[in-house]
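S.K.: mind looking at a prediction? Sequence and model below.
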Amino acid sequence: MHDGGARFAIHLMCTNCLRRKVQTLSVPAVEDAPTCVEELVESQALAQMRFVCHGCESVIGEIVAIKQLYSELA
């Protein structure tokens, strides 16, 4: 369930086997929380994300794109 904060699709690529993966990041609606891609990039929220490649089990991934997700109800 989503709490009303911003949601983002983080597009990652494994630096070892080059597989691509998309992870969804939901940011709670609290004071100073990022509300757009630019704010997300400047925040510490991305540093807290964990990545593990399902293909080769590498833990090193590169962010290749970030897309903000909007609710279809809005």
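M.R.: Ah, there it is. On a predicted model such as this, the values are computed, not experimentally measured, just so you know.

S.K.: which residues does G61 bridge with?
M.R.: Taking DSSP bridges as the rule, G61 bridges to C14.

S.K.: that one and Q23: what is the separation?
M.R.: Between G61 and Q23 the computed distance is 9 Å (Cβ to Cβ, to the nearest Å). Placement of C-beta: from N, CA and C, glycine included.

S.K.: where do the contact lists of the two overlap?
M.R.: Common contacts of G61 and Q23, defined by Cβ atoms under 8 Å, 6 or more residues apart in numbering, comprise 12, 51.

S.K.: between those two, which has more neighbouring residues?
M.R.: Between G61 and Q23, counted using other Cβ atoms under 10 Å, the more crowded position is G61 (22 against 14).

S.K.: show the contacting residues for the more buried one.
M.R.: Counted by Cβ under 8 Å, 6+ apart, G61 has contacts 12-15, 21, 51, 53.

S.K.: so the residue nearest in space to the middle of the chain is in which element?
M.R.: Centrality entry for the chain: nearest residue to the mean C-alpha point is I10, 3.5 Å, by Cα atoms, centre = their mean. Taking DSSP states H and E as the criterion, I10 maps to strand 7-14.
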